[in-house]
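Engineer: 3D, please:
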Amino acid sequence: MEKSQERKQAKACATGVRTGYNFRMSSVVPNIRVKVLFFGRLRELTALAEEAEELPEGATLAQVFERYAERYPKLVGFRNSMVVSRNQEFVAWDTRVAAGDEIAFLPPVSGG
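Structural biologist: Numbering: from 1, shown residues only. The predicted structure follows:
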């Protein structure tokens, strides 16, 4: 096989397209690992103080929350009133997470 054909085959395999053989290779999205913390009522609803979570690279904090909301549907009711932090700083829900980040979900605080 010519070198140019070999390069095309290798590129096709890497991008998840048909290679000329009878199979397709899917592209691989690397996963990252983060630590997720729950406080207050959220901790009670999930029965989790903290958990290591594996996520696809490029995930946002909103997507992390959605994963937990699927497992613990009662969390959904808190979404509009809670805050989220990444590495101990309050951030927007569309913030992307990176490997090793510490994510915290905090319920609304009330007091007098």
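Engineer: When you work out contacts or count neighbours from here on, use the C-alpha atoms and nothing else.
Structural biologist: Will do.
Engineer: which residues of this structure score low on pLDDT?
Structural biologist: By pLDDT under 70, the weakly predicted segments of the chain are 1-29, 110-112.
Engineer: Where do the strands of it begin and end?
Structural biologist: Taking DSSP state E, the strands of the chain run over residues 31-38, 50-56, 83-86, 89-90, 102-106.
Engineer: most packed of the ones you listed?
Structural biologist: Ranked by mean neighbour count, those are led by strand 102-106 with a mean of 22 (mean count of other Cα atoms under 10 Å).
Engineer: Sheet-wise, list the partners of that one with their directions.
Structural biologist: Paired strands of strand 102-106, with direction, are strand 31-38 (parallel), strand 83-86 (antiparallel) (DSSP bridges).
Engineer: I'd like those laid out as JSON lines, including distance to P73.
Structural biologist: As requested, these are arranged in JSON lines below (distance: least, Cα to Cα, whole Å):
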{"stretch": "strand 31-38", "distance to P73": "15"}
{"stretch": "strand 83-86", "distance to P73": "17"}
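Engineer: of those, which approaches D94 most closely?
Structural biologist: Nearest of the strands paired with strand 102-106 to D94, taken as Cα to Cα: strand 83-86 at 10.5 Å.
Engineer: K74 against L45, yeah?
Structural biologist: Yes. K74 sits in contact with L45 when judged by Cα atoms under 8 Å, with a separation of 7.1 Å.
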